[in-house]
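> Fold the following, please.
(one chain, ligands or ions: 1)
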Amino acid sequence: MQQLSPEDAQAARDVFPRDDAPTQMEDHVWRIPLPLPFALRSVNVYLIGDGAGHWTLFDAGLGLARDEAALRAGLERAGVPMEALSALVLTHAHPDHIGLSGLLHATSGAPVYMLAREDERMYRVWGELTGPALRAIVGFFAEHGLALDESAADPRVTAVAGSDSRDGRESREPRDGQERQERRRQDETARAIARPKGFSLPPLDAIRTLEDGDTLTLGRWSYQVVWTPGHSDYHMCLLRSDGFFIVGDHILPAITPNIGLFPDSHPDPLGDYFASLQRVRDLPARIVAPGHGLPFGAPGMTPGMTLAERADALREHHIERSAAIRALVEAAPAGQTANEIASALFGERLRTVDDRRFALAETLAHLEHLRLRGGVRMERVGAFYRYLPAAPGRGPAPDPASDLSSTAIANKRERAEP
Ligand SMILES: [Zn+2]
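As a prediction, the model looks like this:
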(Lines give C-alpha, C1' and ligand atoms only; values in the text may rest on other atoms or scores of the structure.)
Protein backbone atom coordinates (compact mmCIF):
# COMPACT_ATOMS: atom_id res chain seq x y z
CA MET A 1 0.00 0.00 0.00
CA GLN A 2 1.48 3.35 -0.88
CA GLN A 3 1.77 6.10 1.70
CA LEU A 4 -0.85 8.91 1.56
CA SER A 5 0.53 12.36 0.78
CA PRO A 6 -0.28 14.99 3.47
CA GLU A 7 -2.90 16.52 1.13
CA ASP A 8 -4.50 13.14 0.50
CA ALA A 9 -4.41 12.35 4.18
CA GLN A 10 -6.23 15.61 4.96
CA ALA A 11 -8.76 14.92 2.20
CA ALA A 12 -9.31 11.44 3.63
CA ARG A 13 -9.94 12.91 7.08
CA ASP A 14 -12.47 15.31 5.59
CA VAL A 15 -14.47 12.58 3.87
CA PHE A 16 -15.47 10.68 7.00
CA PRO A 17 -18.55 11.62 9.05
CA ARG A 18 -17.98 14.30 11.68
CA ASP A 19 -16.53 12.93 14.94
CA ASP A 20 -16.06 9.49 13.47
CA ALA A 21 -13.43 7.63 11.46
CA PRO A 22 -12.46 4.10 10.46
CA THR A 23 -11.63 2.03 13.51
CA GLN A 24 -9.80 -1.25 13.79
CA MET A 25 -12.02 -3.12 16.26
CA GLU A 26 -9.84 -6.20 16.54
CA ASP A 27 -7.42 -8.15 14.37
CA HIS A 28 -8.60 -8.01 10.75
CA VAL A 29 -11.89 -6.25 11.66
CA TRP A 30 -12.53 -2.64 10.65
CA ARG A 31 -15.59 -0.46 11.05
CA ILE A 32 -15.67 2.19 8.33
CA PRO A 33 -18.32 4.91 8.81
CA LEU A 34 -19.60 6.52 5.61
CA PRO A 35 -21.42 9.88 5.51
CA LEU A 36 -25.16 10.07 4.76
CA PRO A 37 -27.18 13.13 3.77
CA PHE A 38 -29.95 12.21 6.24
CA ALA A 39 -30.52 12.99 9.89
CA LEU A 40 -28.86 9.63 10.53
CA ARG A 41 -25.57 11.15 9.32
CA SER A 42 -23.62 7.92 8.81
CA VAL A 43 -23.81 4.25 7.96
CA ASN A 44 -21.23 1.61 8.90
CA VAL A 45 -19.60 -0.92 6.66
CA TYR A 46 -17.48 -3.63 8.23
CA LEU A 47 -14.36 -5.03 6.65
CA ILE A 48 -13.45 -8.46 7.96
CA GLY A 49 -10.43 -10.50 7.01
CA ASP A 50 -9.52 -14.05 7.91
CA GLY A 51 -5.79 -13.43 8.26
CA ALA A 52 -5.12 -15.42 5.10
CA GLY A 53 -5.98 -12.84 2.46
CA HIS A 54 -9.76 -13.29 2.30
CA TRP A 55 -11.55 -9.98 2.88
CA THR A 56 -15.32 -9.52 3.18
CA LEU A 57 -17.17 -6.21 3.20
CA PHE A 58 -20.54 -6.08 4.97
CA ASP A 59 -22.93 -3.48 3.44
CA ALA A 60 -22.19 -0.87 0.83
CA GLY A 61 -23.23 2.71 1.66
CA LEU A 62 -25.60 4.96 -0.27
CA GLY A 63 -23.62 5.53 -3.44
CA LEU A 64 -22.98 9.27 -3.29
CA ALA A 65 -19.59 10.50 -4.44
CA ARG A 66 -18.92 11.42 -0.79
CA ASP A 67 -19.47 7.97 0.62
CA GLU A 68 -17.55 6.39 -2.22
CA ALA A 69 -14.60 8.63 -1.30
CA ALA A 70 -14.96 7.66 2.38
CA LEU A 71 -15.07 3.96 1.56
CA ARG A 72 -11.98 4.21 -0.62
CA ALA A 73 -10.15 6.14 2.10
CA GLY A 74 -11.28 3.64 4.75
CA LEU A 75 -10.12 0.66 2.72
CA GLU A 76 -6.83 2.42 2.16
CA ARG A 77 -6.42 3.00 5.87
CA ALA A 78 -7.03 -0.71 6.44
CA GLY A 79 -4.51 -1.50 3.73
CA VAL A 80 -7.00 -3.44 1.63
CA PRO A 81 -7.49 -2.26 -1.96
CA MET A 82 -11.02 -2.46 -3.28
CA GLU A 83 -9.82 -4.90 -5.94
CA ALA A 84 -8.77 -7.32 -3.19
CA LEU A 85 -12.27 -7.82 -1.73
CA SER A 86 -13.29 -11.48 -1.84
CA ALA A 87 -16.97 -11.14 -0.92
CA LEU A 88 -19.67 -8.53 -0.33
CA VAL A 89 -22.56 -9.23 2.06
CA LEU A 90 -25.69 -7.04 2.17
CA THR A 91 -27.79 -7.20 5.35
CA HIS A 92 -30.81 -5.71 3.57
CA ALA A 93 -31.71 -3.79 0.43
CA HIS A 94 -32.32 -0.29 1.79
CA PRO A 95 -30.47 2.33 -0.23
CA ASP A 96 -27.95 3.32 2.45
CA HIS A 97 -26.70 -0.28 2.53
CA ILE A 98 -26.53 -1.15 -1.19
CA GLY A 99 -25.51 2.01 -3.04
CA LEU A 100 -21.90 1.07 -3.84
CA SER A 101 -22.56 -2.65 -4.35
CA GLY A 102 -22.38 -2.42 -8.14
CA LEU A 103 -19.10 -0.54 -8.04
CA LEU A 104 -17.63 -2.93 -5.47
CA HIS A 105 -18.56 -5.95 -7.53
CA ALA A 106 -17.32 -4.38 -10.77
CA THR A 107 -13.99 -3.49 -9.17
CA SER A 108 -13.31 -6.72 -7.30
CA GLY A 109 -15.43 -9.37 -8.99
CA ALA A 110 -16.59 -10.37 -5.49
CA PRO A 111 -19.85 -12.32 -5.24
CA VAL A 112 -22.68 -10.48 -3.46
CA TYR A 113 -24.50 -12.40 -0.72
CA MET A 114 -27.97 -11.52 0.54
CA LEU A 115 -31.06 -13.25 1.86
CA ALA A 116 -33.26 -14.78 -0.83
CA ARG A 117 -36.16 -12.50 -1.83
CA GLU A 118 -34.44 -9.38 -0.53
CA ASP A 119 -32.63 -9.43 -3.89
CA GLU A 120 -35.96 -9.35 -5.74
CA ARG A 121 -36.92 -6.23 -3.80
CA MET A 122 -33.59 -4.62 -4.48
CA TYR A 123 -34.02 -4.86 -8.23
CA ARG A 124 -37.74 -4.10 -8.21
CA VAL A 125 -37.51 -0.94 -6.11
CA TRP A 126 -34.03 0.33 -6.94
CA GLY A 127 -33.37 -1.05 -10.38
CA GLU A 128 -35.36 1.67 -12.15
CA LEU A 129 -35.97 5.34 -11.55
CA THR A 130 -39.71 5.49 -11.88
CA GLY A 131 -42.33 2.99 -12.72
CA PRO A 132 -44.69 0.64 -10.93
CA ALA A 133 -42.87 0.47 -7.58
CA LEU A 134 -42.75 4.23 -7.25
CA ARG A 135 -46.36 4.72 -8.38
CA ALA A 136 -47.53 2.04 -5.94
CA ILE A 137 -45.90 3.87 -3.03
CA VAL A 138 -47.35 7.24 -4.01
CA GLY A 139 -50.83 5.72 -4.39
CA PHE A 140 -50.54 3.84 -1.12
CA PHE A 141 -49.60 6.94 0.88
CA ALA A 142 -52.42 8.91 -0.81
CA GLU A 143 -55.05 6.36 0.25
CA HIS A 144 -53.86 6.78 3.81
CA GLY A 145 -54.18 10.55 3.66
CA LEU A 146 -50.76 11.83 2.57
CA ALA A 147 -50.57 13.45 -0.86
CA LEU A 148 -47.02 13.41 -2.10
CA ASP A 149 -47.03 15.88 -4.96
CA GLU A 150 -45.78 18.50 -2.51
CA SER A 151 -42.24 17.25 -2.92
CA ALA A 152 -39.99 16.13 -5.68
CA ALA A 153 -38.06 13.95 -3.23
CA ASP A 154 -38.25 10.26 -3.96
CA PRO A 155 -40.61 8.54 -1.51
CA ARG A 156 -38.58 5.36 -1.75
CA VAL A 157 -36.00 6.87 0.56
CA THR A 158 -38.53 6.79 3.40
CA ALA A 159 -37.36 3.42 4.60
CA VAL A 160 -33.81 4.65 5.01
CA ALA A 161 -34.16 6.77 8.08
CA GLY A 162 -34.14 5.23 11.49
CA SER A 163 -37.15 6.46 13.32
CA ASP A 164 -36.82 8.68 16.35
CA SER A 165 -33.45 9.96 15.33
CA ARG A 166 -35.17 13.16 16.40
CA ASP A 167 -36.18 11.94 19.84
CA GLY A 168 -34.44 13.99 22.47
CA ARG A 169 -31.76 15.16 20.10
CA GLU A 170 -32.75 18.62 19.08
CA SER A 171 -30.23 20.21 16.82
CA ARG A 172 -28.52 23.29 18.15
CA GLU A 173 -29.10 25.01 14.85
CA PRO A 174 -32.01 27.40 14.55
CA ARG A 175 -35.12 26.01 12.88
CA ASP A 176 -34.46 27.91 9.65
CA GLY A 177 -30.97 26.54 9.36
CA GLN A 178 -32.28 23.10 10.03
CA GLU A 179 -34.89 23.33 7.33
CA ARG A 180 -32.31 24.58 4.88
CA GLN A 181 -30.06 21.73 5.83
CA GLU A 182 -32.93 19.28 5.46
CA ARG A 183 -33.69 20.57 1.98
CA ARG A 184 -30.06 20.24 1.04
CA ARG A 185 -30.08 16.63 2.26
CA GLN A 186 -33.16 15.88 0.20
CA ASP A 187 -31.60 17.42 -2.88
CA GLU A 188 -28.47 15.42 -2.38
CA THR A 189 -30.45 12.22 -1.95
CA ALA A 190 -32.52 12.95 -5.03
CA ARG A 191 -29.30 13.47 -6.96
CA ALA A 192 -27.88 10.18 -5.69
CA ILE A 193 -30.98 8.34 -6.81
CA ALA A 194 -31.06 10.17 -10.10
CA ARG A 195 -27.67 8.89 -11.18
CA PRO A 196 -27.99 7.88 -14.82
CA LYS A 197 -28.51 4.22 -14.03
CA GLY A 198 -30.18 4.66 -10.66
CA PHE A 199 -28.22 2.88 -7.99
CA SER A 200 -25.08 1.12 -8.95
CA LEU A 201 -26.40 -2.42 -8.49
CA PRO A 202 -24.45 -5.57 -9.27
CA PRO A 203 -25.55 -7.70 -12.23
CA LEU A 204 -27.96 -10.50 -11.35
CA ASP A 205 -25.36 -13.21 -11.85
CA ALA A 206 -23.23 -11.71 -9.06
CA ILE A 207 -25.92 -12.42 -6.45
CA ARG A 208 -25.68 -15.46 -4.17
CA THR A 209 -28.86 -15.88 -2.15
CA LEU A 210 -28.92 -17.29 1.37
CA GLU A 211 -31.64 -18.90 3.46
CA ASP A 212 -32.42 -18.60 7.15
CA GLY A 213 -30.22 -20.99 9.14
CA ASP A 214 -27.57 -21.31 6.44
CA THR A 215 -23.93 -21.36 7.40
CA LEU A 216 -21.99 -18.93 5.24
CA THR A 217 -18.30 -19.70 4.98
CA LEU A 218 -16.09 -16.75 4.03
CA GLY A 219 -12.42 -17.62 4.06
CA ARG A 220 -11.64 -19.17 7.41
CA TRP A 221 -14.71 -17.73 9.11
CA SER A 222 -18.20 -19.15 9.20
CA TYR A 223 -21.37 -17.20 9.90
CA GLN A 224 -24.83 -18.30 10.94
CA VAL A 225 -27.48 -16.58 8.82
CA VAL A 226 -30.40 -15.32 10.92
CA TRP A 227 -33.50 -14.06 9.12
CA THR A 228 -34.78 -11.00 11.01
CA PRO A 229 -37.81 -9.50 9.23
CA GLY A 230 -39.24 -6.20 10.50
CA HIS A 231 -37.10 -3.27 9.34
CA SER A 232 -37.11 -4.99 5.96
CA ASP A 233 -38.95 -8.21 5.12
CA TYR A 234 -35.81 -10.20 4.28
CA HIS A 235 -33.32 -8.50 6.53
CA MET A 236 -30.59 -10.79 7.84
CA CYS A 237 -28.11 -10.75 10.70
CA LEU A 238 -24.89 -12.77 10.64
CA LEU A 239 -23.35 -14.36 13.72
CA ARG A 240 -19.68 -15.18 13.24
CA SER A 241 -18.53 -18.40 14.89
CA ASP A 242 -16.64 -16.43 17.57
CA GLY A 243 -19.66 -14.28 18.53
CA PHE A 244 -19.00 -11.19 16.37
CA PHE A 245 -22.59 -10.32 15.46
CA ILE A 246 -23.43 -8.20 12.42
CA VAL A 247 -26.97 -6.92 12.88
CA GLY A 248 -27.53 -4.38 10.07
CA ASP A 249 -30.46 -2.17 11.07
CA HIS A 250 -32.24 -4.82 13.12
CA ILE A 251 -30.80 -3.60 16.42
CA LEU A 252 -29.40 -0.08 16.64
CA PRO A 253 -27.76 1.29 19.78
CA ALA A 254 -29.02 4.88 19.91
CA ILE A 255 -32.12 5.07 17.74
CA THR A 256 -35.11 2.88 17.01
CA PRO A 257 -35.04 1.16 13.62
CA ASN A 258 -37.92 2.27 11.42
CA ILE A 259 -40.59 -0.41 11.19
CA GLY A 260 -42.85 0.72 8.35
CA LEU A 261 -45.68 -0.67 6.24
CA PHE A 262 -45.29 -0.33 2.47
CA PRO A 263 -47.39 -1.58 -0.45
CA ASP A 264 -45.37 -4.76 -0.95
CA SER A 265 -44.48 -5.37 2.71
CA HIS A 266 -45.49 -8.42 4.61
CA PRO A 267 -48.87 -7.64 6.22
CA ASP A 268 -47.53 -7.26 9.78
CA PRO A 269 -43.97 -5.92 9.86
CA LEU A 270 -44.25 -4.96 13.53
CA GLY A 271 -45.32 -8.48 14.50
CA ASP A 272 -42.40 -9.79 12.47
CA TYR A 273 -40.09 -7.36 14.24
CA PHE A 274 -41.17 -8.46 17.73
CA ALA A 275 -40.52 -12.07 16.72
CA SER A 276 -37.14 -11.13 15.22
CA LEU A 277 -36.07 -9.36 18.41
CA GLN A 278 -36.89 -12.54 20.28
CA ARG A 279 -34.91 -14.60 17.78
CA VAL A 280 -31.66 -12.72 18.39
CA ARG A 281 -31.85 -11.55 22.01
CA ASP A 282 -30.27 -14.68 23.51
CA LEU A 283 -27.78 -15.52 20.78
CA PRO A 284 -24.20 -15.93 22.03
CA ALA A 285 -23.04 -12.55 20.73
CA ARG A 286 -19.72 -11.28 22.02
CA ILE A 287 -20.01 -7.92 20.30
CA VAL A 288 -22.88 -6.37 18.32
CA ALA A 289 -21.96 -4.50 15.12
CA PRO A 290 -24.86 -2.29 13.95
CA GLY A 291 -25.47 -0.53 10.64
CA HIS A 292 -25.63 2.88 12.33
CA GLY A 293 -23.91 4.02 15.52
CA LEU A 294 -21.19 2.38 17.57
CA PRO A 295 -20.72 -1.33 18.25
CA PHE A 296 -21.77 -2.46 21.71
CA GLY A 297 -22.26 -5.48 23.90
CA ALA A 298 -18.69 -6.44 24.78
CA PRO A 299 -17.85 -6.25 28.49
CA GLY A 300 -17.12 -2.66 29.48
CA MET A 301 -18.03 -1.27 26.05
CA THR A 302 -21.29 0.58 26.72
CA PRO A 303 -22.34 0.09 30.32
CA GLY A 304 -25.78 -1.41 30.71
CA MET A 305 -26.25 -2.34 27.07
CA THR A 306 -26.08 -5.98 26.15
CA LEU A 307 -27.81 -7.45 23.14
CA ALA A 308 -30.68 -8.70 25.31
CA GLU A 309 -31.06 -5.33 27.07
CA ARG A 310 -31.16 -3.43 23.80
CA ALA A 311 -33.62 -5.90 22.23
CA ASP A 312 -35.89 -5.54 25.26
CA ALA A 313 -35.70 -1.74 25.15
CA LEU A 314 -36.69 -1.70 21.48
CA ARG A 315 -39.60 -4.02 22.22
CA GLU A 316 -40.76 -1.76 25.08
CA HIS A 317 -40.56 1.29 22.84
CA HIS A 318 -42.89 -0.28 20.30
CA ILE A 319 -45.31 -1.56 22.92
CA GLU A 320 -45.61 1.96 24.32
CA ARG A 321 -46.06 3.44 20.87
CA SER A 322 -48.76 0.91 20.03
CA ALA A 323 -50.63 1.87 23.19
CA ALA A 324 -50.38 5.57 22.29
CA ILE A 325 -51.68 4.92 18.77
CA ARG A 326 -54.55 2.81 20.04
CA ALA A 327 -55.51 5.61 22.46
CA LEU A 328 -55.55 8.10 19.57
CA VAL A 329 -57.85 5.82 17.56
CA GLU A 330 -60.18 5.42 20.52
CA ALA A 331 -60.35 9.17 21.05
CA ALA A 332 -61.98 9.63 17.60
CA PRO A 333 -64.90 7.20 17.24
CA ALA A 334 -65.80 8.62 13.80
CA GLY A 335 -62.47 7.45 12.42
CA GLN A 336 -59.30 9.07 11.09
CA THR A 337 -56.83 8.42 8.33
CA ALA A 338 -53.49 6.97 9.33
CA ASN A 339 -51.90 10.26 8.28
CA GLU A 340 -54.10 12.19 10.73
CA ILE A 341 -53.09 9.77 13.48
CA ALA A 342 -49.41 10.13 12.54
CA SER A 343 -49.70 13.93 12.67
CA ALA A 344 -51.33 13.77 16.11
CA LEU A 345 -48.66 11.37 17.34
CA PHE A 346 -45.55 13.10 16.03
CA GLY A 347 -46.87 16.69 15.86
CA GLU A 348 -44.15 19.31 15.70
CA ARG A 349 -41.44 16.79 15.00
CA LEU A 350 -42.68 16.32 11.41
CA ARG A 351 -40.77 19.05 9.64
CA THR A 352 -40.05 17.64 6.23
CA VAL A 353 -41.85 15.52 3.67
CA ASP A 354 -39.45 12.70 4.53
CA ASP A 355 -40.48 12.98 8.18
CA ARG A 356 -44.16 12.74 7.26
CA ARG A 357 -43.65 9.70 5.08
CA PHE A 358 -41.61 7.95 7.74
CA ALA A 359 -44.24 8.77 10.38
CA LEU A 360 -47.08 7.49 8.19
CA ALA A 361 -45.33 4.21 7.31
CA GLU A 362 -44.50 3.58 10.95
CA THR A 363 -48.00 4.52 12.18
CA LEU A 364 -49.47 2.15 9.59
CA ALA A 365 -47.26 -0.69 10.80
CA HIS A 366 -48.70 -0.17 14.28
CA LEU A 367 -52.29 0.25 13.11
CA GLU A 368 -52.17 -2.93 11.04
CA HIS A 369 -50.55 -4.82 13.89
CA LEU A 370 -53.42 -3.71 16.14
CA ARG A 371 -56.07 -4.37 13.50
CA LEU A 372 -54.86 -7.93 12.86
CA ARG A 373 -55.34 -8.58 16.61
CA GLY A 374 -58.78 -6.94 16.88
CA GLY A 375 -57.51 -3.78 18.59
CA VAL A 376 -58.77 -1.35 15.93
CA ARG A 377 -60.90 -1.49 12.76
CA MET A 378 -60.37 -0.05 9.30
CA GLU A 379 -62.90 1.02 6.69
CA ARG A 380 -62.77 2.62 3.30
CA VAL A 381 -64.56 5.98 2.95
CA GLY A 382 -64.36 7.41 -0.56
CA ALA A 383 -60.72 7.62 -1.61
CA PHE A 384 -59.34 7.04 1.90
CA TYR A 385 -58.87 4.33 4.47
CA ARG A 386 -59.89 5.30 8.00
CA TYR A 387 -59.09 3.63 11.31
CA LEU A 388 -61.75 3.34 14.03
CA PRO A 389 -62.01 1.89 17.53
CA ALA A 390 -62.66 -1.83 17.71
CA ALA A 391 -66.34 -2.76 17.76
CA PRO A 392 -67.78 -2.62 21.30
CA GLY A 393 -67.68 -5.92 23.17
CA ARG A 394 -64.42 -7.07 21.61
CA GLY A 395 -62.60 -6.59 24.91
CA PRO A 396 -59.05 -5.36 25.23
CA ALA A 397 -56.56 -6.29 22.56
CA PRO A 398 -53.86 -8.72 23.60
CA ASP A 399 -50.38 -7.54 24.55
CA PRO A 400 -49.08 -6.34 21.20
CA ALA A 401 -45.78 -8.19 21.60
CA SER A 402 -47.20 -11.38 23.06
CA ASP A 403 -47.90 -12.94 19.71
CA LEU A 404 -44.45 -14.10 18.71
CA SER A 405 -45.57 -16.53 16.04
CA SER A 406 -45.15 -13.76 13.51
CA THR A 407 -46.82 -14.27 10.18
CA ALA A 408 -43.66 -14.30 8.11
CA ILE A 409 -41.64 -16.59 10.31
CA ALA A 410 -44.56 -18.96 10.97
CA ASN A 411 -45.24 -19.25 7.25
CA LYS A 412 -41.63 -19.97 6.52
CA ARG A 413 -41.45 -22.68 9.18
CA GLU A 414 -44.48 -24.36 7.64
CA ARG A 415 -42.87 -24.29 4.23
CA ALA A 416 -39.67 -25.71 5.64
CA GLU A 417 -41.40 -28.72 7.13
CA PRO A 418 -41.60 -31.86 5.01
ZN1 LIG B 1 -29.74 1.82 7.39
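
> distance between the helix or strand containing R386 and the chain's centre?
Applying DSSP states H and E as the criterion places R386 in strand 384-389. Centroid separation for strand 384-389 versus its chain: 28 Å, with Cα atoms, centre = their mean, to the nearest Å.

> Mind jotting down where the helices sit in the stretch 101-250 of the chain?
101-108, 118-126, 132-143, 175-193 (DSSP state H, counting those that start in this stretch).

> residues of the shortest one that come out buried?
The neighbour-count check on helix 101-108 (16 or more other Cβ atoms under 10 Å) flags S101, G102, L103, L104, H105, S108 as buried. C-beta: built from backbone N, CA, C; applies to glycine.

> My guess is the fifth one contacts L88. True?
Yes. Counting by Cβ atoms under 8 Å, H105 touches L88, with 6.5 Å between them.

> shared neighbours, these two?
P111, V112, P202 (Cβ atoms under 8 Å, 6 or more residues apart in numbering).

> Dump these into JSON lines; add distance to H318 as well.
Output for the shared contacts of H105 and L88, formatted as JSON lines (distance: Cβ to Cβ, whole Å):
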{"residue": "P111", "distance to H318": "35"}
{"residue": "V112", "distance to H318": "31"}
{"residue": "P202", "distance to H318": "34"}
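
> which of the residues you listed tops the neighbour count?
Within these, neighbour counts (other Cβ atoms under 10 Å) peak at V112, which reaches 25 neighbours.

> partner residues bridging that one?
Counting by DSSP bridges, V112 is bridged to L88, I207.

> what's the burial count for R72?
Other residues close to R72 by other Cβ under 10 Å number 18.

> From A110, how far out is the residue lying closest to it once chain neighbours are set aside?
Nearest non-adjacent residue to R72, counting by Cβ to Cβ, 6 or more residues apart in numbering: M82, 6.7 Å away. Noted for M82: a distance of 9 Å to A110, by Cβ to Cβ, to the nearest Å.

> what's the overlap in contacts for those two?
With Cβ under 8 Å, 6+ apart, M82 and A110 have common neighbours L104.

> more crowded one of these two?
The neighbour comparison of M82 against A110 (other Cβ under 10 Å) goes to A110, with 23 against 19.

> Surely the more buried one and A84 touch.
No. When contacts are counted by Cβ under 8 Å, A110 is not listed as touching A84 (9.3 Å).

> For the stretch 101-250 of the chain, which residues are neighbours of the ion?
Residues of the stretch 101-250 of the chain lying close to the ion (Cβ under 5 Å from the ion) are D249.

> among the helices and strands of this protein, which one scores worst on average pLDDT?
helix 407-416 (a mean of 45; mean pLDDT, DSSP states H and E).

> Where does the residue nearest to S232 when sequence neighbours are not counted fall, secondary structure wise?
Closest residue to S232 apart from its sequence neighbours, by Cβ to Cβ, 6+ apart: H92 at 4.0 Å. H92 belongs to no helix or strand when assigned by DSSP H and E.

> Could you do the one 5 residues further on as well?
Assigned by DSSP H and E, H97 belongs to helix 95-98.

> tell me which element V45 falls in.
strand 42-49.

> measure D67 to the ion for me?
According to Cβ to the ion, to the nearest Å, D67 stands 12 Å off from the ion.

> Same question for R66.
16 Å.

> Identify the residues contacting the spatially most central residue of the chain.
Taking Cα atoms, centre = their mean, the centroid of the chain lies closest to D249, which sits 4.5 Å from it. Neighbouring residues of D249 by Cβ under 8 Å, 6+ apart: T91, H92, H94, H97, G162, H231, S232, H235, P257, P290, G291, H292.

> let's see 7 Å
By Cβ atoms under 7 Å, 6 or more residues apart in numbering, the contact set of D249 is H92, G162, H231, P257, G291, H292.

> Could you find the closest non-adjacent residue to P17?
S42 (3.8 Å).

> OK, contacts around the one you found?
P17, D20, P33, L34, P35, L36, H292.

> Shouldn't the fourth one be within a helix?
No. Under DSSP: H, G, I helix; E, B strand; the rest coil, L34 sits outside any helix and is assigned strand.

> Which strand residues bridge it?
What pairs with L34, by the bridge criterion (DSSP bridges), is V43.

> That one and G63 touch, don't they?
No. Using Cβ atoms under 7 Å, L34 is not in contact with G63, being 9.9 Å away.

> quick revisit: could you dump the shared contacts of H105 and L88 to CSV with pLDDT?
Shown next, in CSV, are those (pLDDT from 0 to 100):
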residue, pLDDT
P111, 98
V112, 98
P202, 94
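
> so what pLDDT did A192 get?
On pLDDT, A192 comes in at 52.

> Kindly apply the preceding question to R166 instead.
The predicted local confidence for R166 is 35.

> Count the residues that sit near the closest residue to the ion within the stretch 301-418 of the chain.
For the stretch 301-418 of the chain, the residue closest to the ion is F358, as judged by Cβ to the ion, at 12.5 Å. Neighbour count of F358, defined by other Cβ under 10 Å: 27.

> Up against the ion, what does the stretch 251-400 of the chain have?
Looking at the ion, the residues of the stretch 251-400 of the chain close enough under Cβ under 5 Å from the ion are G291.

> Of all residues in the stretch 251-400 of the chain, which one is closest to the ion?
Counting by Cβ to the ion, the stretch 251-400 of the chain gets nearest the ion through G291, at 4.7 Å.

> what sits against that residue?
Contacts of G291 (Cβ under 7 Å, 6+ apart): V43, N44, D59, T91, H97, G248, D249.

> Check L88 too.
L88 neighbours (Cβ under 7 Å, 6+ apart): L57, A60, S101, L104, H105, A110, V112.

> Nearest to the ion among those residues?
Using Cβ to the ion, the contacts of L88 come closest to the ion at A60, 11.2 Å.

> so the closest one sits in a strand?
No. Per three-state DSSP, A60 lies outside any strand segment and is coil.
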